[in-house]
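Colleague: missing the sequence, but the structure's below:
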């Protein structure tokens, strides 16, 4: 029996996972830029840079929401298939 899912189809939650990865990466770069002056002995960056570092957590939460949405869609599909 052939699988009905196409290899290039996007599952529910895939966009959230990708967006979360991008936001997490931006937060990682902001964290590295913020921490670098502490090791280099230069003047620290302004306070808003520490706020940008919080994007790591925001990106992680967005990606987690995408994973949960993907799980819910998989359960829904399995429930419909078992009927």
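Modeller: Received it, and whenever you're ready, just let me know what you need. Everything numeric in this text was worked out from a predicted model, so none of it was measured. Numbers count the residues shown, from 1 in each chain.

Colleague: and the residue nearest to residue 34 when sequence neighbours are not counted, how far from residue 63?
Modeller: Closest residue to residue 34 apart from its sequence neighbours, by CB to CB, 6 or more residues apart in numbering: residue 49 at 4.6 Å. (C-beta placed from N, C-alpha, C; glycine too.) Relative to residue 63, residue 49 is positioned 23 Å away (CB to CB, to the nearest Å).

Colleague: comparing the two, which residue is more hemmed in?
Modeller: Legend: neighbour count by other CB atoms under 10 Å for residue 49 and residue 63, higher for residue 63 (20 against 15).

Colleague: the protein: helices as residue ranges?
Modeller: 14-40, 47-53, 55-81 (DSSP state H).

Colleague: so which elements touch the second one?
Modeller: Contacts defined by 3 or more CB pairs under 8 Å, 6 or more residues apart in numbering; DSSP states H and E place helix 47-53 against helix 14-40.

Colleague: average pLDDT across the helix it packs on?
Modeller: Averaging pLDDT along helix 14-40 gives 92.

Colleague: list the buried residues of it.
Modeller: Buried residues in helix 14-40, defined by neighbour count with 16 or more other CB atoms under 10 Å: 16, 17, 20, 23, 24, 27, 30, 31, 34.

Colleague: what of stretch 62-74?
Modeller: If you call a residue buried by 16+ other CB under 10 Å, then stretch 62-74 has these buried ones: 62, 63, 66, 69, 70.

Colleague: show me the contacts for the closest residue to the third one other than its chain neighbours.
Modeller: Spelled out, that is residue 66. Using CB to CB, 6+ apart and skipping residues adjacent in sequence, the residue nearest residue 66 is residue 16, 2.9 Å away. Counting by CB atoms under 8 Å, 6 or more residues apart in numbering, residue 16 touches 62, 63, 65, 66, 69.

Colleague: and the pLDDT at the fourth one?
Modeller: Looking back up the chat, that one is residue 66. 93.
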